[in-house]
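Engineer: below are the sequence and a predicted model for it; my questions follow.
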Amino acid sequence: MQVTKSFYKKFLVVISIIAIILFGLNFYAKNKIDKVIQQKIAEKGFEYSGDISVNVLFGNVDIKNIELSKDSLKLKSDEISVNDFSYYSFLVNDKISIGEVEVSSSSIEGKLLKKASKKTSKKDTVQHKKEEIFIKSIALNKLNVSVIDEDLHPIKISNINLEIKDFDLSKDGNKKLPFSYDNIFVEIDNFYKKTSEVQAIKFKTFKLENDDIVIDSLQIVPLKSRKSYIYHVDYEKELLDLVVKQIKVSDFKIEEEPSLSFTVNHILVDNVFFDLYLNGAVLESSKKIKYLYSKNLRDLPFNIDVKSLDIKNSKLIYEEQTKKNHKPGILVFDELNAQIKNINNNESKKEKLTVVDIKTKFMDSSPLKIKWTFNINNKNDDFRISGSLFNVNSKNMSSFILPAFNVKMDGYINEMFFDFEGNNSVSNGKLNLDFKNFSIKILDEQKKKKKFLSWLANLFVKDTSKHGMVKTKVEKLERDKTKSFWNYFWKNIEKGLQKSLI
């Protein structure tokens, strides 16, 4: 009996000592964790508050009612739970090793301020101590975002969920991506961002799961009417209205060796409606140089390699108003399908050419095929574009020319074949045209025929019933570098048509 009492006394003493040690370790760990958090957050210019509880025995840390703020930007979270925290690594080796981190019910609100340009000094070039952080699993649940960007445009996201496995963060200045991971899942709902005074972009859902991305219901929406938008921009530009049913990105990878690169096996863009409207009657066009696609891709600050991109079941409308109180000219491309292969700006690539194949119907009735090739890494921006167009009636020919230039065309184009080669400065090529019963009517402002001018113009119109297919050459056509590639392409067609018809 005496032995039993002695045993209990010793047991209680041991338990008390363990409790005191655990209490002391909890107190020490809590203070150190709180100090480290405060220090790290202060280094970034944030203010922080939160209630920390620590359980050394089970390796758990809970931080509740978190608030982070910097200037007018504020992050709030109900709770951050950390499980399987290695206190030995943290307290002794100054390394962070965690089994699981879960962040619940968070929000980010406020305003993003413009970053001041920072001059590099000797202080900035000092190598900081490398930090080692490994987290087996990260879960971010129900993050809502409502912020104003640097240009006073709102960004809103109703729901972000994130899961990452085997997250390894390394503060290594030599790495462009200072972290790695094994598996990742990101889901974003109801994204909205105002991009300018006249446009906004939004989508219903975004999902990234490991190497695949799916975006549903992507839209670029106009915020102003067609009549008023031009008074809210600095120079002549199009008003966009875009709806994409779905975008699928397959086998997406980010690599760092030998340099930062993004590779994608396949992108599918399904069911696109794209309407571009230009009011060209109010402002002057921009004098800013527009580079060709090859240069824009070549000058990206990273390598990109997209094996193939498919655009399916789509429709493109271009409308341009050239005079006040006139209807816009219109071009419609229905049943548009395109395939682009080898979008690759790596200089060591084996296949040099990017190849674009387009099939569509012009104005819902005339089959149009285009093949376009260019070498992204060719500094002259050489390209070749060829194709064919069949069965164009006078109504479709006049749909753009009549409202824009008060010129009506009657007749029928049976066949048109074109083949142009060029670079950033000049292009050459050929256009072959077979047409019949062609006539031109020049109209006044009331859309009435100017008989003499129309008669004079028709004196010079050729007749392929006598001459057969008309073959013409387009030589040394200079590019207007303030216009797009497609304007350049149209100028070649326009020049060829002029020489064919007159």
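Structural biologist: Structure received.

Engineer: hey, let's count contacts and neighbours off CA atoms from now on
Structural biologist: Noted.

Engineer: any idea how far stretch 220-240 is from the chain center?
Structural biologist: Distance, stretch centre to chain centre, for stretch 220-240: 20 Å (C-alpha atoms, centre = their mean, to the nearest Å).

Engineer: just the CA coordinates of it, formatted as CSV?
Structural biologist: Listed next in CSV are the C-alpha coordinates belonging to stretch 220-240 (Å, rounded to 0.1, in the frame of the first residue of the first chain):
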residue,chain,number,x,y,z
ILE,A,220,-15.3,40.6,-73.0
VAL,A,221,-18.3,43.0,-72.6
PRO,A,222,-18.8,46.6,-73.7
LEU,A,223,-19.5,49.0,-70.9
LYS,A,224,-20.6,51.9,-73.2
SER,A,225,-23.0,52.0,-76.1
ARG,A,226,-21.8,52.1,-79.7
LYS,A,227,-22.8,55.7,-80.0
SER,A,228,-20.9,56.9,-76.9
TYR,A,229,-17.9,54.6,-76.4
ILE,A,230,-15.7,56.6,-78.8
TYR,A,231,-15.8,59.6,-76.5
HIS,A,232,-14.3,57.6,-73.6
VAL,A,233,-11.1,56.5,-75.4
ASP,A,234,-8.0,58.5,-76.3
TYR,A,235,-7.7,57.3,-79.9
GLU,A,236,-9.7,55.4,-82.5
LYS,A,237,-10.1,51.8,-81.4
GLU,A,238,-12.6,49.0,-81.6
LEU,A,239,-15.4,48.2,-79.2
LEU,A,240,-15.2,44.5,-78.5
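
Engineer: go through stretch 226-246 and flag the buried ones.
Structural biologist: Across stretch 226-246, burial judged by 16 or more other C-alpha atoms under 10 Å covers 229-230, 236-246.

Engineer: just for the stretch 101-250 of the chain, where's the confidence low?
Structural biologist: Scanning the stretch 101-250 of the chain for pLDDT under 70 picks out the ranges 115-131, 170-178.

Engineer: run the chain-centre distance for the one helix or strand residue 78 maps to.
Structural biologist: Assignment of secondary structure by DSSP states H and E places residue 78 within strand 73-83. Computed by C-alpha atoms, centre = their mean, the separation of strand 73-83 from the middle of its chain amounts to 30 Å.

Engineer: equivalent analysis for stretch 242-259, please.
Structural biologist: Centre-to-centre, stretch 242-259 and its host chain are 10 Å apart (C-alpha atoms, centre = their mean).

Engineer: now residue 245: how far from residue 399?
Structural biologist: In this view, residue 245 and residue 399 are 28 Å apart by C-alpha to C-alpha, to the nearest Å.

Engineer: meant to ask about residue 478
Structural biologist: From residue 478 to residue 399 the distance is 27 Å (C-alpha to C-alpha).

Engineer: ok, which stretches of the protein are helices?
Structural biologist: In chain order, the chain shows helices spanning 2-43, 87-91, 293-298, 394-405, 451-458, 464-467, 485-501, with DSSP state H as the criterion.

Engineer: and the ones you listed, which one is worst for confidence?
Structural biologist: Of all these, mean pLDDT reaches its minimum on helix 451-458 (a mean of 44).

Engineer: more crowded one of residue 478 and residue 399?
Structural biologist: residue 399 (19 against 16; other C-alpha atoms under 10 Å).

Engineer: can I assume that one is in contact with residue 331?
Structural biologist: Yes. Assessed by C-alpha atoms under 8 Å, residue 399 is found in contact with residue 331 at 7.0 Å.

Engineer: number of nearby residues for the closest residue to residue 194 other than its chain neighbours?
Structural biologist: Closest residue to residue 194 apart from its sequence neighbours, by C-alpha to C-alpha, 6 or more residues apart in numbering: residue 200 at 4.1 Å. By other C-alpha under 10 Å, 20 other residues sit near residue 200.

Engineer: quick check, residue 200 in contact with residue 239.
Structural biologist: No. Using C-alpha under 8 Å, residue 200 makes no contact with residue 239, being 10.9 Å away.

Engineer: how far away is the residue sitting nearest the centre point of the chain from residue 230?
Structural biologist: Closest residue to the average C-alpha location of the chain: residue 201 at 10.3 Å, with C-alpha atoms, centre = their mean. To residue 230, residue 201 is 19 Å away according to C-alpha to C-alpha.

Engineer: same thing with residue 245?
Structural biologist: Here residue 245 is placed at a distance of 28 Å from residue 230 (C-alpha to C-alpha).

Engineer: and for residue 309?
Structural biologist: Look at residue 309 and residue 230: by C-alpha to C-alpha, they are 33 Å apart.

Engineer: kindly report the same for residue 335.
Structural biologist: If you measure residue 335 against residue 230 using C-alpha to C-alpha, the figure is 30 Å.

Engineer: for residue 142, same thing?
Structural biologist: As for residue 142, its distance to residue 230 is 39 Å (criterion: C-alpha to C-alpha).

Engineer: repeat that for residue 96.
Structural biologist: Counting by C-alpha to C-alpha, the gap from residue 96 to residue 230 is 55 Å.

Engineer: cool, residue 414 as well?
Structural biologist: As judged by C-alpha to C-alpha, residue 414 and residue 230 stand 39 Å apart.

Engineer: same thing with residue 223?
Structural biologist: 12 Å.

Engineer: hey, where'd the strands end up in the stretch 51-200 of the chain?
Structural biologist: Using DSSP state E, counting those that start in this stretch, the strands assigned to the stretch 51-200 of the chain run over residues 60-70, 73-83, 96-111, 132-148, 154-170, 179-180, 183-194, 199-209.
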